[in-house]
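Peer 1: Sequence first, predicted coordinates after that:
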Amino acid sequence: MISFMRIHVAENEELSSYQYKVLRLIFYISIPLIAFFSALNLLHDHLILGLAEILLDLCFLLCLLLFLNNTHIEKIKQFLLISSFVILSLLFIDGGIDNSGLYWSMIFPMLCYPLFGCRTARVQILILAGFLLLLTLLHFIVQPFLTYSPISLLMAGVMYFFLASMAHIFESHRESENRRMQVSNQQLEATRTELERARDHLEQEVVQRTTSLRQTAERLAEEIREKEKIHQAWRQTQQQFIQAQKMEAMGTMVSRLAHDFNNILAAMMGCVYLLEKDDDETKRRSRLRLMHDELERASTVINRLKLFTHPDSGTMETFSVRKFLQDVVELARLTMDEQIRFDVNIDIPNEAWLHGDNARLRQVVINIINNACQAVSECAKPRICLQASVVSGEQLASPEEITHPPVQHALELQIEDNGCGIDKTHIHRIFDPFFTTKQAGEGTGLGLSMTHATMNSHGGYINVDSQAGQGTCFRIYLPLLEESQSVTNDTPACETNVDATANTIECGEGQCVLLVDDDPFLLQTHGELLQSIGYRVLLAGSGQQAIELMQTQGDDVALILCDIVMPGLSGPETLLRLNALGIHRPVLFITGYDLHQQMEILPADAHYHVLKKPLQVPQLSREIKQQLHAEIRHSG
């Protein structure tokens, strides 16, 4: 019988918790209740039942201790079932106080269903019911030993099965809810597992995508670095190409310069010879003026040569279009073969002004003219024509090309040759970087691409018309400044710009001038020149000598006229040494180098006038007078 009454503990967590609570409640109620009824039974002479209840109560106390320690739970439940079966059977047989033992069996279904569930409880209830029925049959058939009436036994059986049915319905409903909850939990667990699997998959995807994006970002960064290197190399190549083009033209230029300087020297040598032979004062003065004009011509050639060979400064400035084109034409003539016919027509008013990088724009025109010279090199009668005019926006071939900003007037510069021309299959690519139709070693393919970039950066526009064998015509359009935008003097504040026709010489009044120059001939010549216009002169051949003279004889010095570039102490360094010694005088600097380059040598907060060699006596006399007058006003 006991083998049929084994307890099957439920596996799910919610049911075990429920049974645990029920079991604890049974112990807490049954132990004091059994103790109470065991005492009553002993008092009413139910000795066997009372002793059995006392023994059962002690066993329950032991089971409670084990239960509270969470040990042997399954065996405790089995013991509880068996002991309940035994004690209820004894109560049924003994009858207990006032024959109430019959009714205590009613609690058995209430005990079995919560603890063991419907399946196990049905078996256990039927076993108890069968055992009690067997005892009842023995009572009626064999020998009466029960104290109950037949009606009481019948009513007790009905109540037993009614209470068992109610407990079964309640427990079935609870188990159904538990199963539903288990299904829901299983579904939730499956969903959670699927979500975790999806999460793990997504995390793996994110890691893979992140790794891929990181690799892509690294590749892009590397490509950007490579492109920056290429762009930097290209810019360096641009600068090198500009210089290479200039140096390429130096061979032709040197021969032209030699020709021009030989002409100048021949004229001057002839004048010197005639000066020695001729006593006529009028003719002597005429020949001296001719020598002066030839020297001016040589100075102009040297200045234009410096503009051609000096690297681009990248300085945006406002300048006269007419003077710009005149300089370009003179430079072009220096680099051009004498057999080429060069026609020039500059129809530009004096008040036309451009704002841009003078050097880069000059190089653009020179590049196109050099290309034209190469194109006509095999012509029997080579000819290049440069024509400049001012056009309005409506007259432009494509007025929308100049869109930043819109302009009312533009410079149209047309350079045309009768050379070999450009094939129609190549003409749309001539502005592409590194594209060239020349033989290896004759060109890099950067000239026209740089020209196109320069025009874009100046808000300009360039187009070309050409046919193979029929020559080429380049047209350049650049926006002109309006009258409200133009300025009358674009020369830096520190550079003196004097009208070349002003020949008035302002003489001194015996003031002392310290002249500093490392060239002995210039030192002597300029010293005599200053004396000739009314100044006393102290001569210093170096910066150190100038400092010593100022320390010993500086009280009489009213102005310092100093070369910038000298061995040892330069002009600015000499000035700083004098200022450190507390010696302050008006200063005029002179230089034979590029003016803008030399201004970078001067202190950043300095405002000194700089004169370019060769010195013009009228300009020099006016500058000295202005500096002396400014010092007098400052002292007053």
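Peer 2: All right, it came through fine.
Peer 1: Quick check: which element contains D343?
Peer 2: strand 341-347 (DSSP states H and E).
Peer 1: List the pairing partners of that strand within its sheet, with orientation.
Peer 2: Strand 341-347 sits in its sheet next to strand 383-392 (parallel), going by DSSP bridges.
Peer 1: Can you identify the element that follows the strand it pairs with toward the C-terminus?
Peer 2: With DSSP H and E, the next secondary element past strand 383-392 is strand 409-417.
Peer 1: which neighbours does that following strand have in its sheet, and in what orientation?
Peer 2: Strand 409-417 is paired, per DSSP bridges, with strand 383-392 (antiparallel), strand 472-479 (antiparallel).
Peer 1: Would you mind writing the CA trace of the last one as PDB?
Peer 2: Provided in PDB are the C-alpha atoms of strand 472-479 (Å, rounded to 0.1, in the frame of the first residue of the first chain):
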ATOM      1  CA  THR A 472      45.300  79.200 -82.400                       C
ATOM      2  CA  CYS A 473      43.600  82.000 -80.600                       C
ATOM      3  CA  PHE A 474      43.300  82.200 -76.800                       C
ATOM      4  CA  ARG A 475      40.900  84.700 -75.300                       C
ATOM      5  CA  ILE A 476      41.300  85.700 -71.600                       C
ATOM      6  CA  TYR A 477      38.500  87.600 -69.700                       C
ATOM      7  CA  LEU A 478      39.200  89.200 -66.300                       C
ATOM      8  CA  PRO A 479      36.800  91.300 -64.300                       C
END
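Peer 1: that older thread, could you dump the strands paired with strand 409-417 to TSV with distance to D327?
Peer 2: Where C-beta positions appear, they are placed from N, C-alpha and C, glycine not excepted. Shown next, in TSV, are these (distance: least, C-beta to C-beta, whole Å):
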stretch	distance to D327
strand 383-392	13
strand 472-479	16
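Peer 1: okay if I get those as JSON lines plus mean pLDDT, distance to R297 and mean neighbour count?
Peer 2: As requested, these are exported to JSON lines (pLDDT from 0 to 100; distance: least, C-beta to C-beta, whole Å; neighbours: other C-beta atoms under 10 Å):
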{"stretch": "strand 383-392", "mean pLDDT": "90", "distance to R297": "22", "mean neighbour count": "17"}
{"stretch": "strand 472-479", "mean pLDDT": "89", "distance to R297": "29", "mean neighbour count": "22"}
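Peer 1: closest to V328 out of these?
Peer 2: V328 lies closest, by C-beta to C-beta, to one member of the strands paired with strand 409-417: strand 383-392, at 8.4 Å.
Peer 1: And that closest one, how far out from the chain middle?
Peer 2: 45 Å (C-alpha atoms, centre = their mean, to the nearest Å).
Peer 1: What are the boundaries of the strands in the stretch 501-636 of the chain?
Peer 2: 512-516, 536-540, 557-563, 587-591, 609-612 (DSSP state E, counting those that start in this stretch).
Peer 1: need those strands in CSV with distance to L523 and mean neighbour count, can you?
Peer 2: Putting these into CSV (distance: least, C-beta to C-beta, whole Å; neighbours: other C-beta atoms under 10 Å) gives the following:
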stretch, distance to L523, mean neighbour count
strand 512-516, 6, 23
strand 536-540, 6, 18
strand 557-563, 9, 23
strand 587-591, 11, 22
strand 609-612, 15, 19
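Peer 1: who wins for proximity to R322 among the ones you listed?
Peer 2: strand 609-612 (21.4 Å).
Peer 1: Under the pLDDT cut-off, which ranges of the stretch 201-350 of the chain? List them.
Peer 2: The model of the stretch 201-350 of the chain has pLDDT under 70 over residues 242-260, 263, 266-267, 270, 273-274, 277, 300-315.
Peer 1: mind listing the strands for it?
Peer 2: With DSSP E, counting those that start in this stretch as the criterion, the stretch 201-350 of the chain has strands at 316-320, 341-347.
Peer 1: Contacts for the longest one, please.
Peer 2: Surrounding strand 341-347, the residues in contact under the criterion C-beta atoms under 8 Å, 6 or more residues apart in numbering are 322, 325-326, 329, 332-333, 336, 381-390.
Peer 1: Buried residues of that strand, list them for me.
Peer 2: Within strand 341-347, the residues that count as buried by 16 or more other C-beta atoms under 10 Å are F342.
Peer 1: Name the strands paired with the very next helix or strand once past that strand and say parallel or antiparallel.
Peer 2: Sequence-wise, the next helix or strand downstream of strand 341-347 (DSSP H and E) is strand 353-357. Strand 353-357 sits in its sheet next to strand 316-320 (antiparallel), going by DSSP bridges.
Peer 1: Distance from the chain centre to the strand it pairs with, please.
Peer 2: 34 Å.
Peer 1: same question, stretch 467-481
Peer 2: 40 Å.
Peer 1: now the end-to-end length of it.
Peer 2: 34 Å (C-alpha to C-alpha, to the nearest Å).
Peer 1: now the helix or strand that contains L115: mean pLDDT?
Peer 2: Assigned by DSSP H and E, L115 falls within helix 107-141. Mean pLDDT, helix 107-141: 76.
Peer 1: What are the buried residues along it?
Peer 2: Buried-residue list, helix 107-141, by 16+ other C-beta under 10 Å: 108-118, 120-122, 124-125, 127-129, 131-132, 136, 139.
Peer 1: what helices or strands is that helix leaning on?
Peer 2: With contacts taken as 3 or more C-beta pairs under 8 Å, 6 or more residues apart in numbering; DSSP states H and E, helix 107-141 sits against helix 13-43, helix 73-94, helix 150-277.
Peer 1: Q239: neighbouring residues, count only.
Peer 2: Q239 has 12 neighbours, counted by other C-beta atoms under 10 Å.
Peer 1: ignore the last one, G95
Peer 2: 17.
Peer 1: how much space between the closest residue to V390 other than its chain neighbours and T454?
Peer 2: Nearest-residue entry for V390: H409, 5.6 Å, with adjacent residues in sequence omitted and distances by C-beta to C-beta, 6 or more residues apart in numbering. Using C-beta to C-beta, to the nearest Å, H409 is found at 20 Å from T454.
Peer 1: So for those two, which residue has more residues nearby?
Peer 2: T454 (20 against 15).
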